[in-house]
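Engineer: I'll drop the sequence and a predicted model, then ask my questions.
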Amino acid sequence: MKTETCAANGGESRHRARLLKLIISYKLVKACTVLGLAAVLAVMIVTGVSPDLYRFATRLREHATAAWAMRVAGAMVSATEHRHLVVVTSALFLDGISTCVEWYALARGHTWGEWFVVVATSLLLPFEVVAFVRGQHVGRLVILLVNIVIVLYLMRHAMRAARARVGSATLGE
């Protein structure tokens, strides 16, 4: 009976380790992608390509006939305005840096890392819910659900680790 429990716990521990590695990999890919996109936008702003994009989007909007094409073109016009590009680029850099810190803390196994990810991800969940409600897309739902799973998993994992530290400290007394 005891052997079965140890085997089950070992399997559960390996499963948790795989989930944690998956979250760490996700954070690394997200950080690289977001920072890469921010860098591309920054280069576009610095080299003066953004006015060309704005003119292209404006022309596209003028020639669009279908309602959906007009909406897409209108969104492109808004997104390519210089001030919007600057705001989006700044937000992407901040998100990328925050995600790098999350990745680093989790990858290094810092005690505070899991809680940092829980807090950082939890703070953004209301915005993701609002974005999903406004435009119900499968992609937004997937991102929302992935982030909820990450928060719940890391919260549970961090609480177990804290209990284990308290228990081992109590036994050491």
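Structural biologist: Ah, there it is.
Engineer: What separation do you get for Leu20 and His110?
Structural biologist: Relative to His110, Leu20 is positioned 13 Å away (Cβ to Cβ, to the nearest Å). Using the backbone N, CA and C atoms, a C-beta is placed for each residue, glycine as well.
Engineer: list the contacts for Ala107?
Structural biologist: 24, 28 (Cβ atoms under 8 Å, 6 or more residues apart in numbering).
Engineer: try 6 Å this time
Structural biologist: Ile24 (Cβ atoms under 6 Å, 6 or more residues apart in numbering).
Engineer: Could you measure from it over to Leu94?
Structural biologist: In terms of Cβ to Cβ, Ala107 sits 20 Å off from Leu94.
Engineer: Likewise for Met159?
Structural biologist: 28 Å.
Engineer: Model confidence for Val117, exactly?
Structural biologist: Note on Val117: pLDDT of 89.
Engineer: Once you drop chain neighbours, what's closest to it?
Structural biologist: Glu102 (4.7 Å; Cβ to Cβ, 6 or more residues apart in numbering).
Engineer: again with Met155
Structural biologist: Val118 (5.0 Å).
Engineer: Just the buried residues of the strand or helix carrying the one you found, please?
Structural biologist: Element membership for Val118 (DSSP states H and E) is helix 111-134. Buried residues in helix 111-134, counted by 16 or more other Cβ atoms under 10 Å: 113-118, 121-122, 124, 128, 132.
Engineer: for stretch 144-164, same thing?
Structural biologist: Buried-residue list, stretch 144-164, by 16+ other Cβ under 10 Å: 144, 147, 150-151, 153-155, 157-158.
Engineer: list the contacts for the most centrally placed residue in the chain?
Structural biologist: Note on the chain: the residue nearest the mean C-alpha position is Lys30, at 6.2 Å, using Cα atoms, centre = their mean. By Cβ under 6 Å, 6+ apart, Lys30 lies in contact with Thr99.
Engineer: Can you say which helix or strand has it in it?
Structural biologist: Going by DSSP H and E, Lys30 is part of helix 2-47.
Engineer: Toward the C-terminus, what is the element adjacent to that helix?
Structural biologist: Once the chain leaves helix 2-47, the next helix or strand it forms, by DSSP H and E, is helix 50-63.
Engineer: Give me the packing partners of that next one, helices and strands only.
Structural biologist: Using 3 or more Cβ pairs under 6 Å, 6 or more residues apart in numbering; DSSP states H and E, the elements in contact with helix 50-63 are helix 67-79.
Engineer: If anything else comes up later, I'll come back, but that's it for now.
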